[in-house]
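Chemist: make a model of this:
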Amino acid sequence: MLNKPINRAFALIAPGVWGSTRFSYRYPQHQDFPEPKLMLTDKPINYRYRAKKQLGRGRYAVPTGSVFVLEEPLNKTWWKWDETWFPNEGISLKRMGCGLCLPIEIKGIE
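Modeler: This next block holds a predicted model:
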């Protein structure tokens, strides 16, 4: 499933943290990422990672289980997502598994 490209819908299996080093967003704010048509999500959760013996900076994350339906097909697996979509504060949050997701199929969405 991780190698299957995301077409129009995906579900997070890990909390999603996108944005810059100063701001967190509900989805990647990048010109290459299609605008979500629908987001089924709960309130943001606190997210912190531990690198070595030190805690990383606290962020707000989109919780696991959130479903995104995109305006246009993405046609990329999560592995091919651009690292600039994620905050980079010493260690890439993409490498930490942030926003890890699986493609899903929703009937009635073309």
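Chemist: helix or strand for the residue nearest the centre of the chain, which one?
Modeler: Nearest residue to the geometric centre of the chain (C-alpha atoms, centre = their mean): Gly99, 3.2 Å. Following DSSP states H and E, there is no helix or strand that holds Gly99.
Chemist: by mean pLDDT, point me to the weakest helix or strand of the chain.
Modeler: For the chain, using mean pLDDT, DSSP states H and E, the weakest element among its helices and strands is strand 54-55, scoring a mean of 64.
Chemist: next secondary structure after that one?
Modeler: strand 59-61.
Chemist: as a check, name the ranges of all strands in this structure.
Modeler: Assigned by DSSP state E, the chain shows strands spanning 9-12, 18-19, 24-25, 36-40, 45-47, 50-51, 54-55, 59-61, 67-70, 88-89, 91-92, 101-103.
Chemist: quick one: those as JSON lines, columns for distance to Trp81 and mean neighbour count too.
Modeler: C-beta here means a position set from N, CA and C on the backbone, and glycine is covered the same way. Formatted as JSON lines, the strands of the chain follow (distance: least, C-beta to C-beta, whole Å; neighbours: other C-beta atoms under 10 Å):
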{"stretch": "strand 9-12", "distance to Trp81": "11", "mean neighbour count": "20"}
{"stretch": "strand 18-19", "distance to Trp81": "10", "mean neighbour count": "22"}
{"stretch": "strand 24-25", "distance to Trp81": "14", "mean neighbour count": "16"}
{"stretch": "strand 36-40", "distance to Trp81": "15", "mean neighbour count": "13"}
{"stretch": "strand 45-47", "distance to Trp81": "18", "mean neighbour count": "14"}
{"stretch": "strand 50-51", "distance to Trp81": "21", "mean neighbour count": "10"}
{"stretch": "strand 54-55", "distance to Trp81": "25", "mean neighbour count": "9"}
{"stretch": "strand 59-61", "distance to Trp81": "16", "mean neighbour count": "21"}
{"stretch": "strand 67-70", "distance to Trp81": "13", "mean neighbour count": "19"}
{"stretch": "strand 88-89", "distance to Trp81": "13", "mean neighbour count": "14"}
{"stretch": "strand 91-92", "distance to Trp81": "11", "mean neighbour count": "13"}
{"stretch": "strand 101-103", "distance to Trp81": "9", "mean neighbour count": "18"}
